[in-house]
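Enquirer: Build me a model:
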Amino acid sequence: METRRIADILRQGQAEESVTIRGWIRTTRELKGFAFMEVNDGSFLANLQVVLDQSVPDYDKLLKQLSTGASVAVKGVLVPSQGRGQRLELKATSVVIYGESDPETYPLQKKRHSFEFLRTIAHLRSRTNTLGAVFRVRNASAAAIHQFFQERSFLWIHSPIITANDCEGAGELFRVTNLNLESIPKTDKDSVDYSQDFFGSPAYLTVSGQLQAEVMAMSFENVYTFGPTFRAENSNTSRHLAEFWMVEPEMAFCDLEGDQDLAEEFLKYIFQYVLEKCPEDMEFFNQRIDKSVLKTADNIIKNEFERISYSEAIALLTKANRQFEYPVEWGLDLQSEHERYLAEELFKKPVIVRDYPVGIKAFYMRLNSDSKTVAAIDVLVPKIGEIIGGSQREERLEVLQNRLEQKGIAEEDLWWYLDLRRYGTVPHAGFGLGFERMVQFMTGMANIRDVIPFPRTPLSAQF
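Expert: The predicted model follows:
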């Protein structure tokens, strides 16, 4: 007998079909002569109700073992459901118990648990409705990302996790070493002797795969990375993780206009894909987590993104009848409150801000003809602010060398990056999207720690 996923049964199953399901018991209820149990296999928000009666072998013995959390395989026949809420239920003919669960100690009781508590049992929290829905949406979002780029002939590249470069220049890196920390070798000048370390020089966990993506774009034209990145930023907030996933496309023969076009098309595609693949989960978030989730998705999909310059943004913020916490001044970076005002209140839709002051952006961004701004973009969305950051890259060797000098970065540290400008340089552009921040925005979840299975945060690396 074919084993079926519960999602397939609830969507397409027909009465009188014989099926086998496997999963974990959510609840049980015993009545005189028969019993109900709700089984979930992670494929669908709803459970499948299973009806057992005394015709099931070892019925009395089974009832003592069938408790919340236990894993089972159930064979039976689909029949029209007598209760409300679902079309079919499964009339069991046999039940196999794979693993029992102690009802007295099982942490997921039939009540609402706080997300803070669920983080302490991350090995079990994915069995709850909310976290199950989150991880299905996360999966669909990842599938959409790959499908979007593959349909456009982008090459997926695997950028290194261990790197010698700080792409963002923020200095918030995790060091990678196999030196004996109890007896660190020192040089004559009493500094750490990295020549004795595994790589022979300082090494770090990557903060971005962008520089390596630029290398590959110079051979394949359109590429993207999608992998884990790390920031040693001591921020205990609802928006920060020490380990998170980044999506970073890089396009040769592309300028800032093409970068903006792709970023807009990319976001629309992902939201549309998730709405089509996970409609029940998105409806759940709209009902239980944030009543504007579906409206937000619709806003992304159906609107053309507004496009303004940084200078125009500063002028609009200055004119706003609003007392901002952070100052609004040309040359200062936009804060989340500024970004949200533009996207939520002023334009009421996503906004792309371009051409930021050179002093607040990274060395690799292309210097504009005014020498005051760089060809950078931020995509701002309601409720969250910046969700994508990108730029046209500086392809001119001498200009890039000057930028490195201004930032105090030694050319020998990036000799290979400069070589890309010596041998067949081309205009190119790209952007980065923090994957967890997008999933958080899409689902309405308040804390980013609840959209990744095993969050890594300051003082916490459990599971």
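
Enquirer: Please report how far Arg366 lies from Thr373.
Expert: Distance of Arg366 to Thr373, given as Cβ to Cβ, to the nearest Å: 10 Å. To be clear about C-beta, it is placed using only N, CA and C from the backbone, and glycine gets the same treatment.

Enquirer: sorry, that was for Leu275
Expert: Taking Cβ to Cβ as the measure, Leu275 and Thr373 are separated by 37 Å.

Enquirer: Compare those two (neighbour count), which wins?
Expert: Neighbours of Leu275 and Thr373, each counted by other Cβ atoms under 10 Å, are more numerous for Thr373; the result is 21 against 18.

Enquirer: Touching, that one and Val353? I think so.
Expert: No: taking contact to mean Cβ atoms under 8 Å, the distance of 11.4 Å between Thr373 and Val353 leaves them out of contact.

Enquirer: So for these two, which residues contact both of them?
Expert: Overlap between the contact sets of Thr373 and Val353, as judged by Cβ atoms under 8 Å, 6 or more residues apart in numbering, is given by Tyr310.

Enquirer: Identify the bridge partners of Pro249.
Expert: Residues in a beta bridge with Pro249, per DSSP bridges, are Tyr224.

Enquirer: measure it to Ile9 for me?
Expert: From Pro249 over to Ile9 the distance is 38 Å, taken as Cβ to Cβ.

Enquirer: More neighbours: which of these two?
Expert: Here Pro249 and Ile9 are set side by side on neighbour count (other Cβ under 10 Å), and the busier one is Pro249, at 28 against 23.

Enquirer: which residues in the stretch 1-150 of the chain form helices?
Expert: With helices called from DSSP state H, counting those that start in this stretch, the stretch 1-150 of the chain shows them at 6-12, 59-65, 115-119, 129-151.

Enquirer: Format the ones you listed as JSON lines; extra columns: distance to Glu394 and mean pLDDT.
Expert: Formatted as JSON lines, the entries for the helices of the stretch 1-150 of the chain read as follows, by distance: least, Cβ to Cβ, whole Å; pLDDT from 0 to 100:
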{"stretch": "helix 6-12", "distance to Glu394": "48", "mean pLDDT": "96"}
{"stretch": "helix 59-65", "distance to Glu394": "66", "mean pLDDT": "93"}
{"stretch": "helix 115-119", "distance to Glu394": "42", "mean pLDDT": "96"}
{"stretch": "helix 129-151", "distance to Glu394": "24", "mean pLDDT": "98"}
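
Enquirer: Comparing these, which comes out most buried?
Expert: The highest average neighbour count among the helices of the stretch 1-150 of the chain, using mean count of other Cβ atoms under 10 Å, belongs to helix 129-151 at a mean of 19.

Enquirer: which residues touch it?
Expert: Helix 129-151 is contacted by residues 40, 42, 45, 115, 118, 125-126, 156, 222, 224, 226, 247, 249, 266, 269-270, 273-274, 277-278, 281-282, 284-285, 288-289, 435, 438-439, 442-443, 445, 450-453 when judged by Cβ under 8 Å, 6+ apart.

Enquirer: let's see it at 6 Å
Expert: Under the contact criterion Cβ atoms under 6 Å, 6 or more residues apart in numbering, helix 129-151 has outside partners 45, 125-126, 224, 247, 269-270, 273-274, 277-278, 281, 284, 439, 443, 451.

Enquirer: same deal with stretch 264-272?
Expert: With contact meaning Cβ under 6 Å, 6+ apart, stretch 264-272 is reached by 141, 144, 148, 297, 300-301, 305.

Enquirer: Of the residues you listed, which is the nearest to Leu241?
Expert: For these, the minimum distance to Leu241 (Cβ to Cβ) is 16.1 Å, reached by Ser141.

Enquirer: how far away is that closest one from Val134?
Expert: As for Ser141, its distance to Val134 is 10 Å (criterion: Cβ to Cβ).

Enquirer: what's the answer for Thr425, then?
Expert: Here the criterion is Cβ to Cβ. By it, Thr425 lies 43 Å from Val134.

Enquirer: show me where pLDDT drops low in the stretch 101-250 of the chain?
Expert: Counting by pLDDT under 70, the ranges of the stretch 101-250 of the chain that qualify are 166-171.

Enquirer: rerun at 80
Expert: Scanning the stretch 101-250 of the chain with the threshold set as pLDDT under 80 gives 165-171.

Enquirer: which residue packs closest to Leu48, ignoring adjacent ones?
Expert: In space, not counting the residues next to it along the chain, Leu48 is nearest to Ile6; the distance is 4.7 Å by Cβ to Cβ, 6 or more residues apart in numbering.

Enquirer: Hmm, the one you found is touching Asp41, no?
Expert: Yes: when contacts are counted by Cβ atoms under 6 Å, Ile6 is listed as touching Asp41 (5.0 Å).

Enquirer: Can I get the helices of the stretch 1-150 of the chain in a markdown table including distance to Gln210?
Expert: Conversion of the helices of the stretch 1-150 of the chain to a markdown table gives the following (distance: least, Cβ to Cβ, whole Å):
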| stretch | distance to Gln210 |
| --- | --- |
| helix 6-12 | 37 |
| helix 59-65 | 54 |
| helix 115-119 | 31 |
| helix 129-151 | 15 |
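
Enquirer: longest strand of this protein?
Expert: The strand of greatest length in the chain, counted in residues with DSSP state E as the criterion, is given as strand 18-31.

Enquirer: Helix 129-151 and that one, what's the angle between them?
Expert: Going by axes from the mean of the first three to the mean of the last three Cα atoms, to 10 degrees, strand 18-31 is angled at 160 degrees with respect to helix 129-151.

Enquirer: name the helices or strands packed onto strand 18-31?
Expert: Packed against strand 18-31, as judged by 3 or more Cβ pairs under 6 Å, 6 or more residues apart in numbering; DSSP states H and E, are the following elements: strand 34-40, strand 71-80.

Enquirer: Which one of these lies nearest to Ala362?
Expert: Taking Cβ to Cβ as the criterion, Ala362 comes closest to strand 34-40 out of these, the separation being 45.6 Å.

Enquirer: Just checking: what are the partner strands of the closest one?
Expert: Sheet partners assigned to strand 34-40 using DSSP bridges are listed as strand 18-31 (antiparallel), strand 48-53 (antiparallel).

Enquirer: So which bits of that strand are buried?
Expert: Of the residues in strand 34-40, 34-35, 37-40 count as buried by neighbour count, 16 or more other Cβ atoms under 10 Å.

Enquirer: what distance separates the start and the end of stretch 36-45?
Expert: Chord length of stretch 36-45, first to last residue, is 18 Å (Cα to Cα, to the nearest Å).

Enquirer: err, stretch 215-234, not the other one
Expert: Criterion Cα to Cα; first-to-last residue distance in stretch 215-234 is 31 Å.
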